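Visitor: take this sequence and fold it.
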Amino acid sequence: QLLLEQAIKNHVGEKAADIVYVTPDDSTHHLHESKAPRVMVFFNDPDCESCEKVKNRLDTCTILKSMVAEKRLEIVGIYTLDDEQAWKSSNFPTYIINGWNKNQDIEQNETYSLPTLPLFYLLDSDKKVLLKGEASLNRVLRYLHNDTTK
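Guide: From the prediction side, this is the model:
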């Protein structure tokens with residue numbers, strides 16, 4: 001029953017749950033406010049070694065940087081836990097929005113299935129899920145490449 005509940009949350013083809021997040025300048029945003037044709041949600045934790053490796057890789061990823069610069073993609077990093085100091089002190093690539101789910105509703109209401117970190121969700125312009133719970137940045141990049149060459 002629990003596995004089924006997790007599987008149907010933010011199902012591919014369905015509209016993703018909105019995420020309310022704050023940025024380091026203390027402004028509040030909603031995931032559904034994004035106007036980009038694609039939104040990549042990057043769930044991460046500053047204390048996660050694998051997350052740091054992915055952030056370093058994202059920092060040098062010219063393909064994603066150019067997609068963001070051309071406004072074809074928005075990348076939102078989301079930290080879901082409650083350690084504000086850890087979140088604020090973490091290094092983040094400058095072209096990626098560094099967000100914190102300050103109200104903790106993702107954790108409390110389990111609106112997203114996050115069995116491991118880092119984890120990616122890819123959404124379209126209507127915030128419908130294209131990729132769900134993807135742990136591999138390579139797979140996300142492959143999807144984006146195939147999506148833009150159609």
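Visitor: strands of the protein, start to end?
Guide: Ranges of strands within the chain are 20-22, 28-30, 38-43, 74-79, 97-100, 119-124, 129-134, based on DSSP state E.
Visitor: save these as TSV, and put in mean pLDDT and mean neighbour count too.
Guide: Placement of C-beta: from N, CA and C, glycine included. TSV is the format used below for those (pLDDT from 0 to 100; neighbours: other CB atoms under 10 Å):
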stretch	mean pLDDT	mean neighbour count
strand 20-22	98	19
strand 28-30	98	12
strand 38-43	98	24
strand 74-79	98	23
strand 97-100	98	23
strand 119-124	97	22
strand 129-134	93	19
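Visitor: export these to JSON lines and append columns for distance to Lys55.
Guide: Compiled in JSON lines, these are given as follows (distance: least, CB to CB, whole Å):
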{"stretch": "strand 20-22", "distance to Lys55": "17"}
{"stretch": "strand 28-30", "distance to Lys55": "20"}
{"stretch": "strand 38-43", "distance to Lys55": "8"}
{"stretch": "strand 74-79", "distance to Lys55": "8"}
{"stretch": "strand 97-100", "distance to Lys55": "10"}
{"stretch": "strand 119-124", "distance to Lys55": "12"}
{"stretch": "strand 129-134", "distance to Lys55": "16"}
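Visitor: the spatially most central residue of the chain bridge partners, please.
Guide: Geometric centre of the chain, nearest residue: Val41, 1.5 Å, by CA atoms, centre = their mean. Legend: beta-bridge partners of Val41 under DSSP bridges are Val76, Tyr121.
Visitor: please consider this matter closed, and thank you.
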